[in-house]
Structure formats: C-alpha cells, structure tokens
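*Asks:* here is my input, please return the structure:
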Amino acid sequence: MNITRRRSGVLLHITSLPGGTLGREAHRFVDWLAAAGQSWWQVLPVSPPDRHRSPYKSASAFAGWRGLLGAPRARVSAAEVLDFREREAYWIDDWARMARGPQREMLADQVRFEREWRALRAYAGERGVQVMGDVAIYVAPGSVDHRAHPALFNDALVAGVPPDAFSALGQRWGNPVYDWSAMRRDGFRWWIERLRRNAALFDAVRLDHFRGFVSYWGVPATAPDARSGRWRRGPGRALFDAVAAQLGSELPLVAEDLGVITPAVEALRDALALPGMLVLQFGFGPGAERTSPHAPNNHVARRVVYTGTHDHDTAAGWYAAVTEGERRRFDAACAQRGIDDPEPWWRMVRLCLQSPAAIAIFQAQDVLGLGSAARMNVPGSERGNWRWQVPAGALTPALAARLREATEAAGRLG
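*Replies:* Numbering: from 1, shown residues only. Below you'll find the model as predicted:
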C-alpha cells in the first residue's frame, strides 16, 4: 500500500447503503465519492455475519455474504463454477458442504458474489476509487473454518480483551482462538490462503486487532466474563514471514493497532513497515498532548487517521457527550489550524484531512453530521448494532462539493 500519497476516503459498510447491497446504490456511492474527491472507500468484512449482523463473527473467513447480492439471481454456468472451484479450492468445498443450504446453491451464490464484486471494483477503479477491506482476526464459534480445521483452534479458550476504563468486566467476545503452534507446524497455510483471498478482493486490507498477533487475551471458555483471561503469546513475525514467502512482501495491509499497545506491538508494526491507525476522538483527553499518538500535534505520516471507526460514536455524538475539557482542547486544535466551520462534525472532518497522516478516513455519518442514533456499533452490546443505513438522497451533490473543497485544501485530491 502506497502510504506516501496524501489521499482520503469514507468508511461506509455496504449494508449501510440504502438497500444494503452491491447493486445500484453501491455504484451511485462510488460516483458520489469520485465527485467528492475521495480516493478510498473503506468497508467492513464482506463475509456472512452472525445472527446479530456482526461481520466480525462470521460463518466463514473466505466466503462472501449472499445477503450483499444486488442483482436478480442470474444463471451460473458450469464453466464458471468449475473455474471458481479451481481458484478457491482451499475453502470452497468446505463452505459448500458445511454451510446451510444446498451445495449447488452455495456454490452459485459465491460465483455471483464474485461477479458482482468484480464489477463494482472495476467501476470504482475506473473512477479513481480504491476499496479497503477489513480482515477480522477471529471467526465465529462453529464457523465453517472452525469445523473444517479443528486442529488449528484452541477450544479451551475464547477471545476477548481485558478490563479497562470502558468495561470493568473486560469484553468476552466468545470467538475461538487459534492454536498458533499448530498453525506454525502447518506453515500458516490457513492465514496465507485467507490473505490471498482478501488481496484478490480489495486494494488494501485493514488487519483487525493487530496486537493479537503479538499477544492476545485468552479467556477460559467456561468463564462468564473476561476478567479471568490472561495475555498469551501470538505468532509474531513468523506468520508474516510465511505470508511474504508465498504472497510477496508488498501486501497492502493496515495494522489496527488500537487498544493496549505495547512496545512489542509497535516494533512488529514498524518492522513490517505497516501503517498504523490514529483516531481523533482519542486525542483530546487529559494529558493527551504529552502521551497520546492520537493527539493532532503527535500525528506522523505513516498512519491512517480516522475521525472514528465503526466501533466509535459519530463525531456529532462524540462532541455532544465529551467533557468540557475535551471539547475545549478539540476547539483549540481546530482554531490553531484555522478551522472555523460552525458545525463541530465538519471541524472534525477538516481536522482529519489536515493531519500529517498519509490517509484520512471519516465515517459517512460524520460527513452527514448525524448524532449517536446513527452509530454503527457499541462494543460489548449485542443488540441494535450493524443496522444503520444512509437515508436515501442524503449524500447530495452539494455535500460532495463541500467535501471536495475541503479535500483539495488539504492537498489530498487524487
């Protein structure tokens, strides 16, 4: 991924489009991005979500979700299916055999997904828009991957994060964790194939929970919450060396290095020359100017900066809820840079655009100035998430023109 070029983009999952599919509205959104001067469209994992609609507990690390299909079900030829099965031999037969539904239909859906996805990618590329995907570090319990490769998982533990300022109980995600020793003995084949698949689908890929490759919070599977977990060693560089040996060392990856980040995590990220992430909402707490990489004056070029991610409040919701001190420090940072828009969410977008970070990404909700009701996900809460959609007609030409002007002023036009 070329992170030396100053570019920007919008985070909007496909399900958040009107209609929530790869159909006409997805192509219209690409047109809007191009008109707005944006070079990146970031999406969440496109794999099948769980019953709560979370794409981070997917039934497959490889399959596309049939719920994203936009076109009417066109006939799929035997030649198309054969070609797809040969290219995706590592996983497709497991998916067709173990997923819910007739095997022929499961195969045909994957061929249709690839057909529609390729068409959308080509349409975006012709308009100067690249697509950034997201690889969730874990899969769902009972997923096809979990059942097809049981020796690669440690079922005595589940994934989570330790207690912190946001949750006294920590977060017990419940995903099965990997048996990294078994994966190493297998040459990390599962991860190599997974990243091969994602490199074919996206122009760049965000690696969710990158710190888990150094060490992860493993929680006993019988524990009711995450407090009894402990840090356990991940594969470290060995995984990425194995991937590079098979796929090359120039994979366009972004390290999601948020949370409890240690010097070892930073060392791995930097040794691999991966851009990390910055989140502006984290940059205005007490003492942030001295201690936080997210504070605007501490940003560096080898990063992707966000107003907020899918796990955070909208900019308007954040500004309404933060302490007076945080609001004052945010306002001062904007004033220091000559940002005087009356709406705080637009000030946040412009602050993001002005960052030294090579790539700036903002939630679509922040461009629209929507409040907390438009939030995509509240971590630790299973219900009510992943359902927000852009109101039809909200992304107007006037809004595109305003964003383009701000993008050009920040030197980020493609």
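*Asks:* switch to C-alpha atoms for all contacts and neighbour counts from now on
*Replies:* Fine.
*Asks:* in the stretch 51-200 of the chain, where is pLDDT below threshold?
*Replies:* Scanning the stretch 51-200 of the chain for pLDDT under 70 picks out nothing.
*Asks:* go again using 90 as the cut-off
*Replies:* By pLDDT under 90, the weakly predicted segments of the stretch 51-200 of the chain are 71-75, 100-101, 164-167.
*Asks:* tell me which stretches of it form helices.
*Replies:* 78-87, 92-98, 103-126, 144-148, 180-185, 189-201 (DSSP state H, counting those that start in this stretch).
*Asks:* just checking, L395 touches D31?
*Replies:* No - taking C-alpha atoms under 8 Å as the definition, L395 is not a contact partner of D31, at 10.6 Å.
*Asks:* would you mind finding the most buried of the helices of the stretch 51-200 of the chain?
*Replies:* Comparing the helices of the stretch 51-200 of the chain by mean neighbour count (mean count of other C-alpha atoms under 10 Å), helix 144-148 comes out on top with a mean of 20.
*Asks:* which residues does it contact?
*Replies:* 59-61, 94-95, 98-99, 139-140, 152-153, 176 (C-alpha atoms under 8 Å, 6 or more residues apart in numbering).
*Asks:* buried ones from the residues you listed, can you make that a ChimeraX selection?
*Replies:* Per 16 or more other C-alpha atoms under 10 Å, the buried members of the contacts of helix 144-148 correspond to this ChimeraX selection:
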select :59,60,61,94,95,98,139,140,152,153,176
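*Asks:* could you dump the contacts of helix 144-148 to JSON lines with distance to E105?
*Replies:* As requested, the contacts of helix 144-148 are exported to JSON lines (distance: C-alpha to C-alpha, whole Å):
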{"residue": "A59", "distance to E105": "16"}
{"residue": "S60", "distance to E105": "16"}
{"residue": "A61", "distance to E105": "19"}
{"residue": "D94", "distance to E105": "14"}
{"residue": "W95", "distance to E105": "11"}
{"residue": "M98", "distance to E105": "12"}
{"residue": "A99", "distance to E105": "10"}
{"residue": "V139", "distance to E105": "23"}
{"residue": "A140", "distance to E105": "22"}
{"residue": "L152", "distance to E105": "28"}
{"residue": "F153", "distance to E105": "29"}
{"residue": "P176", "distance to E105": "28"}
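*Asks:* which of the contacts of helix 144-148 lies closest to R412?
*Replies:* A61 (33.3 Å; C-alpha to C-alpha).
*Asks:* where's the closest one relative to D257, distance?
*Replies:* From A61 across to D257, the span is 21 Å (C-alpha to C-alpha, to the nearest Å).
*Asks:* what do you get for F166?
*Replies:* 18 Å.
*Asks:* and these two? Which one has more around it.
*Replies:* Relative neighbour count places D257 above the other of F166 and D257, with 21 against 10, counting by other C-alpha atoms under 10 Å.
*Asks:* a helix runs through the more buried one, doesn't it?
*Replies:* No - counting by DSSP: H, G, I helix; E, B strand; the rest coil, D257 is located in no helix; its state is coil.
*Asks:* what's the local residue count around L22?
*Replies:* Other residues close to L22 by other C-alpha under 10 Å number 21.
*Asks:* am I right that Q365 is in contact with A373?
*Replies:* No - if you go by C-alpha under 8 Å, Q365 and A373 don't touch, sitting 10.1 Å apart.
*Asks:* need the phi and psi values for F29.
*Replies:* When read as degrees, to the nearest 10, the backbone of F29 gives phi -70, psi -40.
*Asks:* read off the pLDDT value for it.
*Replies:* On pLDDT, F29 comes in at 98.
*Asks:* so how many other residues sit close to it?
*Replies:* As a measure of burial, F29 has 18 neighbours, counting by other C-alpha under 10 Å.
*Asks:* next, the buried residues of whichever strand or helix holds G317.
*Replies:* Element membership of G317, judged by DSSP states H and E, is helix 315-321. Going by neighbour count (16+ other C-alpha under 10 Å), the buried part of helix 315-321 is 315-319.
*Asks:* so which elements touch that helix?
*Replies:* Applying 3 or more C-alpha pairs under 8 Å, 6 or more residues apart in numbering; DSSP states H and E, one finds that helix 315-321 contacts helix 344-354, helix 364-368.
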